[in-house]
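> From the sequence below, what's the structure:
(2 chains)
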Amino acid sequence: MSAVHVQLLNLSAGALLLSAVLVLWRRELVVIIRVFAVQGIALAALIAVLGAVQGSLELAVFAVGVLVLRAGVLPGLLRYALASGPQERRETRPLVNVAASLLAAAVLTLLALAVSQPITALAPSSATQAVPIGIAVVLIGFFVLVTRRRAVSQLVGFLLMDNGITAVGFLTTAGIGLVVEVGVALDVLLVVLVLQILTGRMREVFGGTDLDELRELSD
Amino acid sequence: MNVVATQLVAVGLGAAAVLGMVAVVAAVLLTRAARPAVVGVLTAAVGVAGTVAGVAAMTGQTWSVQLPGVLPLSGVLLSVDAFGGVFLAVSGAVAVAAAIYGIGYCRGGGGGGLASRGVQVATPLFVVSLLLVPAAGSVSTLLAAWELMAVTSLLLVVAEHRRRGEVASAGRWYVVMTHLGFVAILIGLLVLAAPAADDSWDAVRAAAGTLSPAVAGPVFVLCLIGFGSKAGIVPVHAWLPRAHPEAPSHVSALMSAAMVTMGIYGIVRVGIDLMGGGALWWWLLVLLLGAGSAIYGILQAVVSTDLKRLLAYSTTENMGIVLVGVGACGLFTSTGRPVLAALALTAALLHIIGHAAFKTLLFLAAGSVLHATGTRDLDELGGLRSAMPVTTAAFGLGALAASALPPGTAFVSEWVLLQALIHGLPAPGVATSIVVPMMVAAIALTAGLAVVTFVKAFGVGFLARARSTAAAQAHESPPSMLTAMALAGLGCVGVAVAPTAVLPTLGQIAGALVRSGAPVSGALSAELVGVTGVLSPVLLVVALAVGSVVVVAVPRMLVAGRARRAARLWDCGAGPLSERMQYTATSFAEPLGRVFDNVLQPVQDIDVTHHQESAYLVSSVAYRRRVPDRVERRLYQPVLAATAAWGRAGRGLATGSVHRYLGYGFYTVCALLIVLVVTR
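Numbering: from 1, shown residues only, chains lettered A, B, ... in the order given. Coordinates of the predicted model:
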């Protein structure tokens, strides 16, 4: 792996983590979706670099697929979900405020670094040294899912987790097979479609997508 | 032709499988009107094929086949030996009668949804699964067939859930208990098969000796619980008095006569065949459970006023008696008396055959009553003798067969069992010498109470005057149902008069399992080998017939010459006798309920309402009495209450906030990761 490749790999991995943290920082839902699209590009770049290093055409095809799905289709769908309800523009009153969220993201990144030590130690290379970033993105995505109130930002949290999982998958192994990868991508697309419809229905019925208002439905 | 004659087991089982599949396809494709007849005939043919295979296996033919592609990982291994053949033959024969009965029962007013596609598909599948369980040759095949049997029988139990609310509750009890039992069997058999080369019976049998007693004991107890729950053994019987009454009657017959015996099959297969006897305490436990079930079952039956519930409790009683035979077999094996062990097991096997015959007959006759009157409550029946002569005769025969009196069907098997127990004395060891005489007493008590039970069921249910308009307007059942009852009745008479046709064969089978010679010989009379005892059922029947004729005919001849005069029956001058003056099922059993008050603990309420004007004048008296299942109240209620409390406690965690639910996952993942980091 040449020095340029290592630089590019670290750059894209850094962009991946930075975009995840930005999702925590920004409140405007439109901006959050834009940041998520940027993260899709970073993920595609990461896979493309890995493909270039290994000279594998399959990985290059994956990179293009990831780019189309995660930087194009999914953000488009999210934007569409947002556009159908004009009254919700901002993530107001998250369960944990922004400053504390950023601190939590730092702690989670540290945890990811500590946890992935043995994975890195198994086969030290620049690719496996980027694994903690993937795990950190998973944890931050989960954190977004737990602390944000709007359905769209929760959806973004879920997709962040999936991005992180994909990144870890490509960094530890050379991809997990075309069929599995395509299947997972389709699943994610389906989940987003279903949740988008659900979001629309929730807005129709309750006039908003604050999930805590659903508490009344429990027995 | 010779090839067919020597391969009857394979031919029979193959034919059963093919016919079963044809029946399933027919049930799916045919119209509602044609479905019961075609499926019934095909299912009966499955039963015939199974019986042929079973009888061939009993006479010594063995057969085994490996089908690796049918189930993933382990494949299917079918292997039929003589012992499994007994159960094959019993299941097949019961299925013949039940399937023919189902033709008329499903078509008529007996059931709203009984001709539906689901029920008609499940019936042949259930029969096939009943044949597969004793034919299974490996642990995995047995478990798969067992599960198929549980699921298909559950579908049949809940067949009438749209008509009665209790069906759903019975189905829930059944599904929970049968699956808890399955878990117990699963754990037990997997631990048993763990040291073996593969999971076939031969390999497991060879490796069973390597288990330490500390492992073998729990394995046996788990299998005893699991198989015992299928056999309806107290205290894991609670599903049986619920599911048997609520199932359609031909299914009740299949379950009560064939399916519950699979529990006994499992206990004998694991405890005696595979584990080869084991420790003494296993069999003392089996004996006590068997005696407890026999007495408790018949006591509940004697006070029951629901005809099918009474029969269900009688099943628990009979399985208890069979279990006493099995326990005695194990006891004598582990104390080194193989001839007595074989004798006890022979009695158990004969009792299974006899019980299958009379319980099929009784459930079919009860179904016929339910079909005609729409009620199972004995207190509303009566007076059926003239309206339903065939059904009444069938139930009468069944009641005689069930009551362990000569020339009843159950008499010979209980006699052989008592011979084995009595000759087991003097017994070595204190526990044995206390338990064995107790068993003799328990069986004697059970036999006496069984007589009362069936006198009550027959006398109150069928004789005297009708107690309700439904019973007064009863009508006889269609010919297919009567044919089925006649077949089952023929079986009862056969086992009662000529048990010697099967006894030596059963003796050989039992002897082979406990490695001794055949304990019974003789063609016309049963002669016990190794102990002194001879019984000739045929001569007994002849003697009883002659005796009855003498008792009935001689007084008639004596009074024949006198003049006769017709007069009104004396009624104390209180006007004509009404049906309200007869014994009811409740009042008939009341003295026994008094005697066994401490055991049964009946609950009775008497509400006396006085006139407004005077407290000395009574305007009405309401009397209610019910006998709750005491084991259920003491054992099941606390468990259910604890489970419910645990569930309520868990509710505090679920507030309805989605964020909180997500948070549980998030914090758990983080905590797990931190633990990983810290402990590494």
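> Of all residues in chain A, which one is nearest the centre?
Closest residue to the average C-alpha location of chain A: A:Leu160 at 1.7 Å, with C-alpha atoms, centre = their mean.
> What is the neighbour count of B:Ala427?
Residues lying near B:Ala427 (other C-beta atoms under 10 Å in any protein chain shown) number 18. Backbone N, C-alpha and C define where each C-beta goes, glycine included.
> If you could redo that for B:Gly459, that was the one I meant.
Look at B:Gly459: counted by other C-beta under 10 Å, it has 18 neighbours.
> What strand or helix carries it?
Per DSSP states H and E, B:Gly459 falls inside helix B:430-462.
> rewinding a little: the residue nearest to the centre of chain A against A:Gly141, yeah?
Yes. With contact defined as C-beta atoms under 8 Å, A:Leu160 and A:Gly141 form a contacting pair (3.0 Å).
> okay, and the common contacts of these two?
Common contacts of A:Leu160 and A:Gly141 (C-beta atoms under 8 Å, 6 or more residues apart in numbering or on different chains): A:Ala20.
> The residue in chain B that chain A sits nearest to: neighbour count?
In chain B, the residue that lies nearest chain A is B:Gly656 (2.6 Å; C-beta to the nearest C-beta). Burial of B:Gly656 is recorded as 13 neighbouring residues (other C-beta under 10 Å).
> check contacts around B:Ser256.
With contact set as C-beta under 8 Å, 6+ apart, B:Ser256 has these partners: B:His244, B:Leu311, B:Ala312, B:Thr315, B:Lys359, B:Thr360, B:Phe363.
> out of the residues you listed, which touch chain A?
Near chain A, judged by C-beta under 8 Å from any C-beta of the partner chain, there are no entries from these.
> elements contacting the longest helix along chain B?
If you go by DSSP state H, chain B has its longest helix at helix B:338-373. Using 3 or more C-beta pairs under 8 Å, 6 or more residues apart in numbering or on different chains; DSSP states H and E, the elements in contact with helix B:338-373 are helix B:82-107, helix B:249-253, helix B:260-268, helix B:307-334, helix B:389-402, helix B:409-423, helix B:479-497, helix B:503-513.
> chain center to that helix: distance?
Relative to the chain's own centre, helix B:338-373 is displaced by 8 Å; criterion: C-alpha atoms, centre = their mean, to the nearest Å.
> Need the pLDDT of the most centrally placed residue in chain B.
The residue lying closest to the centre of chain B (C-alpha atoms, centre = their mean) is B:Ser256, at 3.4 Å. What the model reports for B:Ser256 is a pLDDT of 95.
> what about A:Arg201, distance to A:Arg90?
22 Å (C-beta to C-beta, to the nearest Å).
> hey, which helix or strand in chain A has the poorest pLDDT?
Across the helices and strands of chain A, mean pLDDT, DSSP states H and E gives its lowest value to helix A:178-206, namely a mean of 76.
> now chain B
Sorting the helices and strands of chain B by mean pLDDT, DSSP H and E puts helix B:2-6 at the bottom, at a mean of 72.
> The next helix or strand after that one - what's its average pLDDT?
Downstream of helix B:2-6, the first helix or strand assigned by DSSP H and E is helix B:8-29. The pLDDT scores in helix B:8-29 average 93.
> pull the CA atoms of the next helix or strand after helix B:8-29 into PDB?
Using DSSP H and E, the helix or strand that follows helix B:8-29 in sequence is helix B:35-58. Taking Å, rounded to 0.1, in the frame of the first residue of the first chain, the C-alpha atoms of helix B:35-58 are listed here in PDB:
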ATOM      1  CA  ARG B  35     -64.400 -34.400   1.600                       C
ATOM      2  CA  PRO B  36     -65.300 -36.300   4.900                       C
ATOM      3  CA  ALA B  37     -66.100 -39.500   3.100                       C
ATOM      4  CA  VAL B  38     -63.000 -39.700   0.800                       C
ATOM      5  CA  VAL B  39     -60.600 -38.500   3.500                       C
ATOM      6  CA  GLY B  40     -62.200 -40.900   6.100                       C
ATOM      7  CA  VAL B  41     -61.900 -43.900   3.800                       C
ATOM      8  CA  LEU B  42     -58.300 -43.100   2.900                       C
ATOM      9  CA  THR B  43     -57.400 -42.400   6.600                       C
ATOM     10  CA  ALA B  44     -58.900 -45.700   7.500                       C
ATOM     11  CA  ALA B  45     -56.700 -47.300   4.900                       C
ATOM     12  CA  VAL B  46     -53.700 -45.600   6.400                       C
ATOM     13  CA  GLY B  47     -54.800 -47.200   9.700                       C
ATOM     14  CA  VAL B  48     -55.100 -50.700   8.100                       C
ATOM     15  CA  ALA B  49     -51.600 -50.400   6.600                       C
ATOM     16  CA  GLY B  50     -50.200 -49.300   9.900                       C
ATOM     17  CA  THR B  51     -51.900 -52.200  11.700                       C
ATOM     18  CA  VAL B  52     -50.500 -54.700   9.200                       C
ATOM     19  CA  ALA B  53     -47.000 -53.300   9.600                       C
ATOM     20  CA  GLY B  54     -47.400 -53.400  13.400                       C
ATOM     21  CA  VAL B  55     -48.600 -56.900  13.500                       C
ATOM     22  CA  ALA B  56     -45.900 -58.100  11.200                       C
ATOM     23  CA  ALA B  57     -43.300 -56.300  13.400                       C
ATOM     24  CA  MET B  58     -44.800 -58.000  16.500                       C
END
